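Undergrad: Predicted model follows, preceded by the sequence.
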Number of protein chains: 2
Amino acid sequence: MKYSASKENYLKAIFHLQSQEGVVTTNELAEELQTRAASVTDMLKKLKDQKLLNYERYRGFKLSAEGRKVAIQIIRKHRLWEYFLVEKLHFGWDEVHEIAEELEHISSKKLIDKLDEYLGFPKSDPHGDPIPDSSGKFERVDQVNLLDLPLNQWAEISGVTNQSTEILELLRHKNLSIGTRLEVKKKFSFDNSLEVRIKSQPSVTISEEVAKNIFVKYDQQN
Amino acid sequence: MKYSASKENYLKAIFHLQSQEGVVTTNELAEELQTRAASVTDMLKKLKDQKLLNYERYRGFKLSAEGRKVAIQIIRKHRLWEYFLVEKLHFGWDEVHEIAEELEHISSKKLIDKLDEYLGFPKSDPHGDPIPDSSGKFERVDQVNLLDLPLNQWAEISGVTNQSTEILELLRHKNLSIGTRLEVKKKFSFDNSLEVRIKSQPSVTISEEVAKNIFVKYDQQN
DNA sequence: ATGATTTTTTAGATTTGTCTAAATTTTAAT
DNA sequence: ATTAAAATTTAGACAAATCTAAAAAATCAT
């Protein structure tokens, strides 16, 4: 079965939202997709007709098994292309999201499997997110939000959720990227900002707004 | 400026047709794009409004300078992707056309320039067609149609125009591909079929229908 | 050169995905 | 338990790209 780019974007967005909230609402999805609630309702009906979605009007919705399968394949494509762009074409990891948004809709399954092989079956993309394998399985990484990292606990940045150019620019400026090891030295309860120390560098301040989007993995070494 | 995939396909098709005939007609283009003449007329008006086309009703049409520029960039993308698929992902050269038809509509200019660099600025694609450079210039290859190759003249296959799966399958079966050296041993005027000899292999027969689509370069060595 | 044929265009519909404005349903507050 | 507010859906419209059927223009054949 082949779906339009628009439908694929809906499925992907619902997948992301439901993994945070369980069930998704119309307004949430409209916000995520930068569109109007009425447009979302229209599309929900179509997705339901195609049995990609469990949806009762006014009741919220979540993907069907089939819808989930399709969404995961789109995510697989997105992340493999991002990996390709960074590792092979030497794009900065903050430049690749938009391009991958287009590439993820190329339909050939054979293409994506060959690309996967060519890249050496990578397990995570340049933002630290896991890449599903050909059958749709992917590792759940045990990452924790930077806001929840205990003081003086060394950890490694493993992912950034909000992939806007703006946040990525900010992180780059502060010398933070996937793989950077850091510890939280202080938390200010007034504005929930953090003071973060990077090995062998002066510490930097990070707002709650930014920290919310940073996920880290505990670091064994230290 | 960004154009829809559909418009890009029209521009590309017009480019190809006008390079053979000078001026293009509605029916020709409808045939090429497997659509109806009425649909073509509709689109011609839009392309004219966007100044991509010189078109007067009932009079035929050709690309404007701008339309030509856009078409060449699409062709550049198509051929670079084909090269990538064959050289890096190890697709057969007869499998890549369809996939490249999708990839050619990815919009990022930076992507395509980086891809070009990554591939080592190739001058021609796996079908032997020249790849325009970043500024739109490309080599005119001095190729001749196989039907026009004199008897007993060694030459090398440099291109195949009709890139349907069917013809490529047939060629593969007869051990013919880009780069194959051959000479025409006999021409049968009854059906314009050819008997062709490949170095160190028994000769094969090729119908006019197939030969029409094969272009060759004269071979110095022999 | 004029009537027949072919080509091209127009008119009007259809599909997909979107929108605004209005109506309906749910939820929240008193 | 009502009512006010918020969320969601429906109704109706629009743009892009396509289609069929009919009309108009160009070309061909005698």
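TA: On my side now, so go ahead. Numbering: from 1, shown residues only, chains lettered A, B, ... in the order given.
Undergrad: near chain B, anything from the one helix or strand residue A:117 maps to?
TA: Assigned by DSSP states H and E, residue A:117 falls within helix A:109-118. Yes: using Cβ under 8 Å from any Cβ of the partner chain, helix A:109-118 comes into contact with chain B via A:110-111, A:114-115, A:118. All C-beta spots, glycine's among them, are computed from the backbone N, C-alpha and C.
Undergrad: list the buried ones in that helix?
TA: Neighbour counts over helix A:109-118 (16 or more other Cβ atoms under 10 Å in any protein chain shown) mark A:111-112, A:114-116 as buried.
Undergrad: which strands and helices sit next to that helix?
TA: With contacts defined as 3 or more Cβ pairs under 8 Å, 6 or more residues apart in numbering or on different chains; DSSP states H and E, the packing partners of helix A:109-118 are helix A:65-87.
Undergrad: just checking, what packs against the helix or strand following the helix it packs on?
TA: Sequence-wise, the next helix or strand downstream of helix A:65-87 (DSSP H and E) is helix A:96-103. Packing contacts for helix A:96-103, counted by 3+ Cβ pairs under 8 Å, 6+ apart, involve helix A:65-87.
Undergrad: Would you check which pair of the residues of helix A:109-118 next to chain B lies furthest apart?
TA: Within the residues of helix A:109-118 next to chain B, two members stand farthest from each other by Cβ to Cβ: A:110 and A:118, at 12.3 Å.
Undergrad: hmm, which helix or strand of chain A has the shakiest average pLDDT?
TA: strand A:144-145 (a mean of 84; mean pLDDT, DSSP states H and E).
Undergrad: Centre of the chain to the next helix or strand after that one, how far?
TA: Later in the chain than strand A:144-145, the nearest helix or strand by DSSP H and E is strand A:155-160. Taking the mean of its C-alpha atoms, strand A:155-160 sits 13 Å from the chain's own mean (Cα atoms, centre = their mean, to the nearest Å).
Undergrad: Other residues contacting strand A:155-160?
TA: Applying Cβ atoms under 8 Å, 6 or more residues apart in numbering or on different chains, the set of residues contacting strand A:155-160 from outside is A:127-129, A:141, A:143-144, A:146, A:149, A:167-168, A:171, A:176-183, A:213-219.
Undergrad: From these, list the buried ones, please.
TA: Buried members of the contacts of strand A:155-160, scored by 16+ other Cβ under 10 Å, are A:127-129, A:143, A:146, A:149, A:167-168, A:171, A:176-178, A:180-183, A:213-217.
Undergrad: how about the residue nearest to residue A:103 when sequence neighbours are not counted, what does it touch?
TA: Distance criterion Cβ to Cβ, 6 or more residues apart in numbering or on different chains; nearest residue to residue A:103, sequence neighbours excluded, is residue A:81 at 4.1 Å. Going by Cβ under 8 Å, 6+ apart, residue A:81 touches A:96, A:99-100, A:103-104, A:115.
Undergrad: Residue B:117 versus residue A:91, what's the distance?
TA: Note on residue A:91: its distance to residue B:117, by Cβ to Cβ, to the nearest Å, is 12 Å.
Undergrad: what bits of chain A have low per-residue confidence?
TA: Counting by pLDDT under 70, chain A contains low-confidence ranges at A:141-142, A:219-222.
Undergrad: Can you pull the residues of it lying near chain B?
TA: So chain A meets chain B at A:85, A:88-91, A:95, A:98-99, A:102-103, A:106-108, A:110-111, A:114-115, A:118 (Cβ under 8 Å from any Cβ).
Undergrad: and the residue nearest to residue A:102 when sequence neighbours are not counted, what does it touch?
TA: With sequence-adjacent residues excluded and distances taken as Cβ to Cβ, 6+ apart, residue A:102 is closest to residue B:106, at 4.9 Å. The contact partners of residue B:106, by Cβ under 8 Å, 6+ apart, come to A:99, A:102-103, B:77, B:112.
Undergrad: what does residue A:215 give?
TA: A:128, A:143-146, A:157-161.
Undergrad: chain center to the strand or helix carrying it: distance?
TA: In the assignment (DSSP H and E), residue A:215 maps to strand A:214-218. Centroid separation between strand A:214-218 and its chain, computed with Cα atoms, centre = their mean, is 14 Å.
Undergrad: Test my guess that residue A:60 contacts residue A:27.
TA: No: Residue A:60 is beyond contact range of residue A:27, at 10.5 Å (criterion: Cβ atoms under 8 Å).
Undergrad: out of the two, which sits in the more crowded spot?
TA: Between residue A:60 and residue A:27, residue A:60 has the larger neighbour count (other Cβ atoms under 10 Å in any protein chain shown), namely 17 against 11.
Undergrad: Phi and psi next, for that one.
TA: Main-chain dihedrals, residue A:60, degrees, to the nearest 10: phi 80, psi 180.
Undergrad: Ok, residue A:62 next?
TA: Dihedral angles for residue A:62 - degrees, to the nearest 10 - are phi -150, psi 160.
Undergrad: Tell me the spacing between it and chain B.
TA: Per Cβ to the nearest Cβ, to the nearest Å, residue A:62 is found 30 Å from chain B.
Undergrad: Report the beta-bridge partners for that residue.
TA: As for beta bridges, residue A:62 partners with residue A:54 under DSSP bridges.
Undergrad: count of neighbours near it?
TA: For residue A:62, the neighbour count with other Cβ under 10 Å is 17.
Undergrad: show me what contacts it?
TA: Counting by Cβ under 8 Å, 6+ apart, residue A:62 touches A:14, A:18, A:22-24, A:53-54.
Undergrad: can you tell me which of these lies nearest to DNA strand D?
TA: residue A:24 (8.4 Å; Cβ to the nearest atom of the strand).
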